[in-house]
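In: would you be able to build a 3D model of this:
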Amino acid sequence: MQSKKVLLAIQEKPLRDVISLHLRHSGIHVREAEDSWEAMSCIRSDNPAVVLVCEGMLGINSQSVLRMIRKTPAVVILLTANFHDDLALLTMDEGADDYVFIPFSPREVAARIKVTISAMTRIKSATVNTWREDGEKNANSFFYPAALNNGAASRS
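Out: Model (predicted):
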């Protein structure tokens, strides 16, 4: 099962506290980092499922931090005050999986993280103990019922 660990890499303690409260209430293990160096250390040691990063915290090391996170299976959600689509897309090109504009609802951010962890768990469980069309066990592929793929595998 996918880890329920989340890293909150946010400089502002009150903001970390309120998001952390919502996540911990849902049974999610939360680790907090207040700067880029601490975030990088937590990523190495804790292997979180999701990393919530505040863009302002990243500063000059943003590309390095995002590149490091991309070496792990963690999902990266970026908190940003920049409402420019081009900047958000550039950040996603650099390694973020999603972004949330500031100001935001802490409950919404917590819900996004919970949904992300749930989706990761479903995907992981879908890759385990599946069966190929010929009846052989195929533990490393997704299960696609013939009704969904309209027999595409048999047509090739």
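
In: from here on, contacts and neighbour counts on C-alpha atoms
Out: OK.

In: okay, the residue most central in space within the chain: pLDDT?
Out: In the chain, the centroid-proximal residue (CA atoms, centre = their mean) is V75; its distance is 2.1 Å. Per-residue confidence (pLDDT) for V75: 91.

In: identify the bridge partners of it.
Out: V50 (DSSP bridges).

In: distance of it from P14?
Out: Distance of V75 to P14, computed by CA to CA, to the nearest Å: 23 Å.

In: just the buried positions in the longest helix belonging to the chain, please.
Out: In the chain, taking DSSP state H as the definition, the longest helix is helix 106-126. For helix 106-126, the neighbour count (16 or more other CA atoms under 10 Å) marks P106, V109, A110, I113, K114, T116, I117, M120, A126 as buried.

In: residue contacts, the fifth one?
Out: Okay, so that is K114. L23 (CA atoms under 8 Å, 6 or more residues apart in numbering).

In: endpoints of stretch 68-78, how far apart?
Out: End-to-end span of stretch 68-78 (CA to CA): 15 Å.

In: how about that stretch: buried residues?
Out: By neighbour count on 16+ other CA under 10 Å, the buried set for stretch 68-78 is I69, R70, A74, V75, V76, I77, L78.

In: check for me that T72 belongs to a helix.
Out: No: judged by DSSP: H, G, I helix; E, B strand; the rest coil, T72 forms no part of a helix; its state is coil.

In: state the distance from it to V109.
Out: Taking CA to CA, one finds T72 at 21 Å from V109.

In: one more: D46?
Out: 21 Å.

In: for this structure, which spans come out with low pLDDT?
Out: 1-3, 58-63, 83, 85, 87-88, 90, 126-156 (pLDDT under 70).
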